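> Predicted model, plus sequence, below.
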Amino acid sequence: TLSSTKYISGKQHETDMKTATYFRVATLASMTTRLATSFARPGVGGASALMRHRASVPAGYPSTAARPSSPHQNNIHFASFSTSRNAFTSIGKEEMEAILEDYEGGGREESEYVVLDVRNVDEVEATGKLSPNVHTLPLPEVAGAFALEGDAFESSYGFAKPNPDETIVFSCMMGKRAEMAADIASNAGYSKLVVYGGGAKEWFS
């Protein structure tokens, strides 16, 4: 509900600040080694992150925008961004709605998406899931989870570990933790990464 979302938002600023500080320290070494490649042309990394998408230049989007080739998503446009740490594809609510429709309708195998909500469990319980098959994987557990072998991952979290051919879609409350989760996933070897920037705050408003 709107009231529960406002309550969560009030707590979220402090949570995001603490989490951001932790992960800045945790990723400092890897950021330093990648400094030489962090100034790539905007959008190049993001476009390659979704290798099954074909190039497109819709009005109002950066010239490196990409559009998925799935027949279920012909009208979706993705704007690619390159951050100082890693590249990911950033989407809005309309694109997230289309992804979830494809994800719920075709499942992981057909859609090739895995949608992860990296909010804490109590936050998800307060608002509900974005969609029935969205998996909860709190940000503090993301690095450890992706380091697990497949069987151990599934035993711990109740769903199969994402494979490199799948596109991982991250969401949180307002986008910051989703970006950090995408950074961790990139460090773990994943390249098809999407961040829903609006998060639960936008979704449930």
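Thanks, I have it. Numbering: from 1, shown residues only.

> Any stretches of this protein with poor pLDDT?
The model of the chain has pLDDT under 70 over residues 1-86.

> in it, which spans are strands?
Listed in chain order, the strands of the chain (DSSP state E) span 53-55, 66-68, 79-82, 87-91, 113-117, 135-136, 167-171, 193-196.

> tell me what the last one is packed against?
If I follow you right, that is strand 193-196. strand 87-91, helix 93-111, strand 167-171, helix 176-187 (3 or more C-beta pairs under 8 Å, 6 or more residues apart in numbering; DSSP states H and E). For glycine as for every other residue, the C-beta is placed from the backbone atoms N, C-alpha and C.

> burial count for P140?
P140 has 13 neighbouring residues, counting by other C-beta atoms under 10 Å.

> circling back to that earlier point, turn the helices and strands packed on strand 193-196 into TSV, including distance to H135.
Listed next are the helices and strands packed on strand 193-196 as TSV, based on distance: least, C-beta to C-beta, whole Å:
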stretch	distance to H135
strand 87-91	18
helix 93-111	10
strand 167-171	10
helix 176-187	12
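
> any chance of the ones you listed in TSV, plus distance to L193 and mean neighbour count?
Formatted as TSV, the helices and strands packed on strand 193-196 follow (distance: least, C-beta to C-beta, whole Å; neighbours: other C-beta atoms under 10 Å):
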stretch	distance to L193	mean neighbour count
strand 87-91	4	24
helix 93-111	13	17
strand 167-171	6	27
helix 176-187	4	24
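
> quick one: which of the ones you listed is nearest A152?
helix 176-187 (17.2 Å; C-beta to C-beta).

> helices or strands next to that closest one in the packing?
Going by 3+ C-beta pairs under 8 Å, 6+ apart, helix 176-187 lies up against helix 2-26, strand 87-91, helix 139-146, strand 167-171, strand 193-196.

> residues of the last one that come out buried?
Within strand 193-196, the residues that qualify as buried are L193, V194, V195, Y196, counting by 16 or more other C-beta atoms under 10 Å.

> cool, and the third one?
Of the residues in helix 139-146, those buried by neighbour count under the rule 16+ other C-beta under 10 Å are L139, V142, A143, A145, F146.

> can you state the direction angle for it and helix 176-187?
Per axes from the mean of the first three to the mean of the last three C-alpha atoms, to 10 degrees, the angle that helix 139-146 makes with helix 176-187 is 20 degrees.

> From the rest of the structure, what touches helix 139-146?
19, 22, 26, 118-119, 137, 153, 156-157, 161, 172, 177, 180-181, 184-185, 187-188, 190 (C-beta atoms under 8 Å, 6 or more residues apart in numbering).

> Let's see that with 6 Å instead.
Residues outside helix 139-146 that contact it (C-beta atoms under 6 Å, 6 or more residues apart in numbering) are T19, V118, R177, A181, I184, A188.

> Now that the third one has come up, it's in contact with V118, right?
When you say that, I think you mean R177. Yes - the pair R177 / V118 is scored as a contact, 5.1 Å apart, by C-beta atoms under 6 Å.

> Not counting its neighbours along the chain, what's nearest N133?
E104 (5.9 Å; C-beta to C-beta, 6 or more residues apart in numbering).

> What distance do you get for that neighbour to L148?
26 Å (C-beta to C-beta, to the nearest Å).

> Much appreciated, bye for now.
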